[in-house]
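A.B. asks: please work out how this folds:
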Amino acid sequence: MSESLPIPLPSRLRLAHLPTPLQPLDRISERHSFPYGGPRIWVKRDDLTESGMSGNKLRKLEFVAAEALGQECDTLITCGGVQSNHCRTTALVGARLGFKVHLLLRGERDAAIDGNLLLDHLAGADVTIYPPSEYAGNLGRIFTHWRERYTALGRRAFCIPTGASDGLGIWGYLAASMELMQDCRAQGFVPDHIVCATGSGGTQAGLTLGCQLLEVESRVTGYAVCDNAAYFQNKVREDIRHWVDLTECSVDLASLTINVNANYMGPGYGEAGPEVYQTINKVANLEGLLLDPVYTGKAFHGLLQELGKGRYSGCSNLVFVHSGGQFALFPHRDNFSFSGV
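C.D. replies: Alright, predicted model coming up:
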């Protein structure tokens, strides 16, 4: 096992409160893992990277914002769903650093200003909402339009892809991989499995590549919250290939194993079935841990189902990376019944 990555980290802004805690979920383990011969479950609390900027996206934006400043940009343009955690984090990071922020959101133009969208507005971001049909086929042209618009106004815009998931953003979870392994070693183990929600692919890409570069045998699995397994296998590989192109670091791409479970995404992105809301309620009851119905709730529900099937039997320790997203709970308030666990 290597103690560090083979190349130094690039320029980075210290925005997150790191390291985030690693804590056991023993009540969940006793109920949902141990009876099936499964591992002790731990959670890496990346929901605690900050307060308003909380979540996995802040780790990526430490590197992305540093690059934008290095290029003397004054405007950040990014995109996502109307309740995007990434867009909310970008809006708040921009406010903190003095960037103008423009968010290109997918959704209905009359969307309630609640949850993440409320925080976007509070942070002073410009928000343009596009219907899904217009957004899906035209995102590249939409980015180009706004970048050229800001150029004409004398501004210099830096465009950030969905979820900051590319060869630059991947640095966030390469650095997190080192932090996680240090956490685990301090607790006396190397995790057999690392699990995360996968919505744009960047977090899983960073963890997957990080484990390979650190020469650990932990198996990384992303639980998809939209799209299918093949899509995310390709997207993760694409992000890693982009990182290789940027860094010229030698990586055996053919040897990468990219594990995606796409069986628990429910009706689609931003939509969840009653079983996910029940899991969110259960985890809050048992562990005081808040999950969300878009990302972590789906992934943790999938994990519990797989534990019950004996999928992780014979393993000692599993780490669930909590990528944040609690603000998305509030627009879904009507889906909770509070009928008990």
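
A.B. asks: now the element after the helix of greatest length in the chain, going C-ward?
C.D. replies: Taking DSSP state H as the criterion, the chain has its longest helix at helix 132-152. Going down the chain from helix 132-152, the next helix or strand is strand 157-159, by DSSP states H and E.

A.B. asks: list of residues touching the next helix or strand after that following strand?
C.D. replies: The first helix or strand that comes after strand 157-159 along the chain, using DSSP H and E, is helix 171-186. By C-beta atoms under 8 Å, 6 or more residues apart in numbering, the list of residues contacting helix 171-186 from outside reads 1, 4-5, 9-10, 12, 18-20, 22, 42, 44, 46, 56, 58-63, 164, 190-191, 194, 202-203, 205-207, 209-211, 213-214, 216, 243, 317, 319, 321. In this view, the C-beta of every residue, glycine as well, is placed from N, C-alpha and C.

A.B. asks: which SSE is Ser4 in?
C.D. replies: Remark: Ser4 resides in no helix or strand, with elements defined by DSSP H and E.

A.B. asks: how close does it get to Leu58?
C.D. replies: Plainly put, Ser4 is 22 Å away from Leu58 if you go by C-beta to C-beta, to the nearest Å.

A.B. asks: one more: Cys73?
C.D. replies: Cys73 sits 19 Å away from Leu58, going by C-beta to C-beta.

A.B. asks: low-confidence bits of the stretch 201-341 of the chain, can you list those?
C.D. replies: Judged by pLDDT under 70, the stretch 201-341 of the chain has its weakly predicted residues at 339-341.

A.B. asks: helices along that one, start to end?
C.D. replies: Assigned by DSSP state H, counting those that start in this stretch, the helices in the stretch 201-341 of the chain fall at 202-213, 229-247, 274-287, 296-308.

A.B. asks: redo these as a markdown table? Include distance to Asn259.
C.D. replies: A markdown table is the format used below for the helices of the stretch 201-341 of the chain (distance: least, C-beta to C-beta, whole Å):
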| stretch | distance to Asn259 |
| --- | --- |
| helix 202-213 | 8 |
| helix 229-247 | 9 |
| helix 274-287 | 21 |
| helix 296-308 | 12 |
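
A.B. asks: and these as TSV, adding mean neighbour count and distance to Gly107?
C.D. replies: What follows is these, written out as TSV (neighbours: other C-beta atoms under 10 Å; distance: least, C-beta to C-beta, whole Å):
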stretch	mean neighbour count	distance to Gly107
helix 202-213	27	21
helix 229-247	18	21
helix 274-287	19	20
helix 296-308	25	19
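
A.B. asks: more neighbours, Ser4 and Leu58?
C.D. replies: For Ser4 and Leu58, the more surrounded residue by other C-beta atoms under 10 Å is Leu58, and the numbers stand at 27 against 11.

A.B. asks: now the more buried one: phi and psi?
C.D. replies: Leu58 adopts backbone torsions of phi -70, psi -40, taken as degrees, to the nearest 10.

A.B. asks: list the contacts for it?
C.D. replies: Under the criterion of C-beta under 8 Å, 6+ apart, the contact list for Leu58 reads Leu15, Ala16, Thr49, Glu50, Thr89, Val93, Gly172.

A.B. asks: how far away is it from Asp46?
C.D. replies: Looking at Leu58 against Asp46, where the rule is C-beta to C-beta, the gap reads 8 Å.

A.B. asks: wait, isn't Asp120 in contact with Val93?
C.D. replies: No: under the criterion of C-beta atoms under 8 Å, Asp120 makes no contact with Val93, lying 11.9 Å away.

A.B. asks: domain ranges for the protein?
C.D. replies: What the record gives for the chain is the domain set 22-54+166-335, 56-164, from automatic domain parsing.

A.B. asks: ok, the closest residue to Gly324 other than its chain neighbours - contacts?
C.D. replies: Excluding the flanking residues, the one nearest Gly324 by C-beta to C-beta, 6 or more residues apart in numbering is Gly55, at 2.4 Å. With contacts defined as C-beta under 8 Å, 6+ apart, Gly55 is in contact with Asp46, Asp47, Thr49, Asn85, Thr89, Ser323, Gly324, Gly325.

A.B. asks: can you get me a residue count around the fifth one?
C.D. replies: To tie it back to what came earlier, the one meant is Thr89. Neighbours of Thr89 (other C-beta under 10 Å): 30.

A.B. asks: let me see the backbone angles for it.
C.D. replies: Comment: the main-chain dihedrals of Thr89 come out as phi -70, psi -40, following degrees, to the nearest 10.

A.B. asks: quick one: residues contacting the nearest residue to it once chain neighbours are set aside.
C.D. replies: Beyond its immediate neighbours in the sequence, the residue positioned closest to Thr89 (C-beta to C-beta, 6+ apart) is Lys57, lying 4.2 Å away. Contact partners of Lys57, counting by C-beta under 8 Å, 6+ apart, are Asn85, His86, Thr89, Thr90, Gly163, Ala164, Gly324.
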